[in-house]
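**Student:** Provided below are the primary sequence and the corresponding predicted coordinates.
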Amino acid sequence: MINIIRGRNRKIANIIITIAVLLSVALLTRAYANTIAIGQNIVLTGKFRVMDANLTTGIGMQEANATGVVVGGPVKKGNQRWWRVDFGQGIDGWVVESLLSAAGKPSIAVTLTGTPTTIAPGESSTLAWTSQSATSCTASGDASFSGSRLLSGTVAVSPGQTTTYQIQCASASGSGTASVTINVTATGGPAVALTAMPSTIAPGGSSVLAWSAPNATSCTAAGDATFSGARPAMGSMTVQPAQSTAYALTCMIGGTSQTATATITVGAVASGGATAFTNPDNGDVPDRAKHPIAFPTAIGFGKNTSVRSKDAVVYKINSLEDVAAPGDGKITYRECALALAVTTPYAIPAGRPRYCVFDVAGAIVMQSSAFITTPKIYIAGQTSPGGIEFRLGDQYNPVDSLIDTRRGGNDMILRHVRTRTGPHVGRTSENGDPIRMSGTNNQILDHVSTMFGTDESLDMACTNCTVQWSIIGPNICRNAGHTSALHCKTFFLKPASNVTVAHNLSQHGEQRGLNIAVGTNPAATGNKGQADIINNVFYDFIAETGLLSNQFGNIYANYIGNVALRGPRYNASDGNYLIGFYSNGGSRMPFGFSVYASGNVTPRTRIAGQFGSTVTDPFTTAGGFITHVDPATVCGLTTAGSLDCARYGLAVMQNVSPVVQPGGAGTSFEPWQVTTAERAMLGVLAYAGADLCLNGPCRDNVDAMYVEDVRTCDATPYLFASNWPSSLAEAGGWARLTAQAALPDSDNDGMPDSWERRFKNTNPLVWDANDDKDGDGYPNIEEYLSSLAQDDVRYSGFIGSATGRLPAYNCGRPMY
């Protein structure tokens, strides 16, 4: 009997085991079917309080059955995984995985660009594509591009006629498509041109179509309800397609029908995974083939600046004093700038690549020069618990710059600091620049406020450099210590070769809103350089808003989507153009000009639909000639880079496609990093200057005052309606900065303990600033610095997204 019972129990046990296995398989199958990934469409299965990034702070309730897209994660906390979800309505944030149900295959982020997008017969364009999380890609368009392709790459194509190229990339979980049209024009320039800027937008985003058909008798548009029917021969308009759309403009020219096309792709622009830039456990950064760069949101020729090195050190600046003594227990900016040795409170060897982080807030008053001549320095103002302002001290004599890279000081990253010189009466100097670069390479300024210079407020003589999202000027102009009683000149780049100026505010001056000459000094035969000038705002330059000089080399310049506004005074002595052509000495130089100008709004140039304008002026009205310059001395360039004086004057300008210097890799910016002039001004006023600190937004009183001044077109009584400033009080004074507590950092690696504890690849008790265990190319210290600078938030969808108040066209003042 006992043996029978034992046999029966064994049988029951086997049945139970079998059932358990089947249940496990079913559960695993269900889990697999509900796999969550970035880009996945999801449904929230229950009502849930959405969390902030710390996964403990609730930021709002989201109702059950809400739908959205996964845009970040996963992050593990305890036994649960969390994903960041962008819901169509309501609160966005972090949600536990167990409440997410997959609602379809995720899309694959795919980009495809062509450089240039318009070519003459026989010329070529370079197609470049990227994909994220794909396993295969297939291309179409013509024989040179069609077929299986790598997951990212480039290829040159030479279509015989206007051709649309497409690439589709897929994985087991989804697919994505991108396309670009290469327009082939008739010899001598396109009879009909149609461009879209940007050509790729996120869902709900907008793009600007611009077209030109100078000799057309009639034009008809097609694409969607917004862009259809009869159109004038020249114009622009904003469109917001709900899906990828091909637009066409067909014009009658000399009795012949000619067509130009442009495709706007609707899809994620560098979407998904941006949180990986600030997560040392996650190396799956978007646009992987393009990283690492200086920092994830770096733009332009300076974006390849790098401080990264196995032997890089961290100076945790704990004193505002301008001193340098290795054993005094103080770590100062001067010691970091000069790469000096420190012995206490911890040891730092001399001469290393270095990160300058700030445990203090307030003014650093410079009493003598601190020229940066040791390469590789990242000055991270965003780490300050309240903000950093550099000022000129009363012992600084002879007066020179506050932050200055000299020969040898290559690879500087400067972010979220204020540099304000102020008057120095009795210490006469022509070098009172808050920031200067003197013959250095690889420099990038990001979110910097540089003002109150007595020479210029920014002087950039550099190669491969960028200034972005910064506020430049005004100077202290009258009787302030310069050799000239009146010296009101803001922004000087002479010479600067391969330079990008993007999303900045340059303001208030007699001259030099942007004075630039590319090349190198001395001006040797064959000198050349490129300048990409995109989405800047220039306000209140009386005589010379912009100057473009051929003094040091052949000029290849792109002016795209900039805004120039009149101030309360105007002096026509220098002509005053955004693009003021200058040929040195009034005679022909051995160097020429090749200039692309598109989408600029100036006191001479309106664009219908922007700033309340209803008409569009010719793009060439943004350009002109500095007084006393003979237009015949402003010569063009052949495609090979030779002087072409058969084209001269304003004929050196075109608006068909951006120019690239011979041998260059292309323009220094991505299409999605450019927006319209109007939207650019919204962004500049919202975010330019030093706007972030350790604890979040920290735009100071001085910047806020000047931004409001631009918004109101100098309507407020405290600025320069009648005269230029000669004192700090007249210019608005110093910043009022409130210091807060620094965060504990037990191992002195520049990353707070609280931040390091969030990740498995960082240890608050081990110096691991240079580690990069997630393999994305950004060491731990840079991922921390990027988190404070909000590079993850500002990487995608940021440009063109700002809101706020704007003035009327040209501040309602008369056109020039």
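**Tutor:** It's in. Residues are numbered from 1 along each chain as shown.

**Student:** hey, let's count contacts and neighbours off CA atoms from now on
**Tutor:** Fine.

**Student:** just want the most central residue of the chain.
**Tutor:** Averaging the C-alpha coordinates of the chain gives a centre point, and the residue nearest to it by C-alpha atoms, centre = their mean is I299 (4.3 Å).

**Student:** identify the residue nearest that one in space, chain neighbours excluded?
**Tutor:** Spatially, and ignoring its direct neighbours in sequence, I299 is nearest to F669 (6.0 Å; C-alpha to C-alpha, 6 or more residues apart in numbering).

**Student:** now do A742
**Tutor:** Nearest residue to A742, sequence neighbours excluded (C-alpha to C-alpha, 6+ apart): D359, at 5.2 Å.

**Student:** gap between that neighbour and L785?
**Tutor:** Distance of D359 to L785, computed by C-alpha to C-alpha, to the nearest Å: 13 Å.

**Student:** by mean pLDDT, flag the weakest helix or strand of this structure.
**Tutor:** For the chain, the helix or strand with the lowest mean confidence is helix 2-33, at a mean of 41 (criterion: mean pLDDT, DSSP states H and E).

**Student:** tally of neighbours for K310?
**Tutor:** K310 has 11 neighbouring residues, counting by other C-alpha atoms under 10 Å.

**Student:** what of G481?
**Tutor:** G481 has 26 neighbours, counted by other C-alpha under 10 Å.

**Student:** in this structure the residue nearest to I299 contacts K303, no?
**Tutor:** No - F669 lies out of contact with K303 (C-alpha atoms under 8 Å); the separation is 9.7 Å.

**Student:** looking at the two, which is more packed in?
**Tutor:** Remark: of F669 and K303, K303 carries more neighbours, 25 against 17, as counted by other C-alpha under 10 Å.

**Student:** how much space separates the residue nearest to that one when sequence neighbours are not counted from M681?
**Tutor:** What sits nearest to K303 in space, not counting adjacent residues and going by C-alpha to C-alpha, 6+ apart, is A294, at 5.2 Å. According to C-alpha to C-alpha, A294 and M681 sit 25 Å apart.

**Student:** flag every buried residue along stretch 402-409.
**Tutor:** Neighbour counts using 16 or more other C-alpha atoms under 10 Å place L402, I403, D404, T405, R406, R407, G409 of stretch 402-409 among the buried residues.

**Student:** just list whatever residues bridge to the residue lying closest to the fifth one once chain neighbours are set aside.
**Tutor:** Spelled out, that is R406. Spatial nearest neighbour of R406, excluding adjacent residues (C-alpha to C-alpha, 6+ apart): S438 at 5.0 Å. Going by DSSP bridges, S438 is paired in beta bridges with A461.

**Student:** can you tell me how far S438 is from L785?
**Tutor:** Taking C-alpha to C-alpha, one finds S438 at 27 Å from L785.

**Student:** L694: what's it in contact with?
**Tutor:** Counting by C-alpha atoms under 8 Å, 6 or more residues apart in numbering, L694 makes contact with Q382, T383, S384, P385, G386, L788.

**Student:** so which of the residues you listed belong to strands?
**Tutor:** Residues of these located in strands (DSSP state E): none.

**Student:** helices and strands around the helix or strand that contains T126, which ones?
**Tutor:** When elements are defined using DSSP states H and E, T126 is found to belong to strand 125-131. Using 3 or more C-alpha pairs under 8 Å, 6 or more residues apart in numbering; DSSP states H and E as the contact criterion, the secondary-structure elements in contact with strand 125-131 are strand 110-115, strand 153-157.

**Student:** which stretch among these comes nearest N655?
**Tutor:** Nearest to N655 among these is strand 110-115; the distance by C-alpha to C-alpha comes to 14.5 Å.
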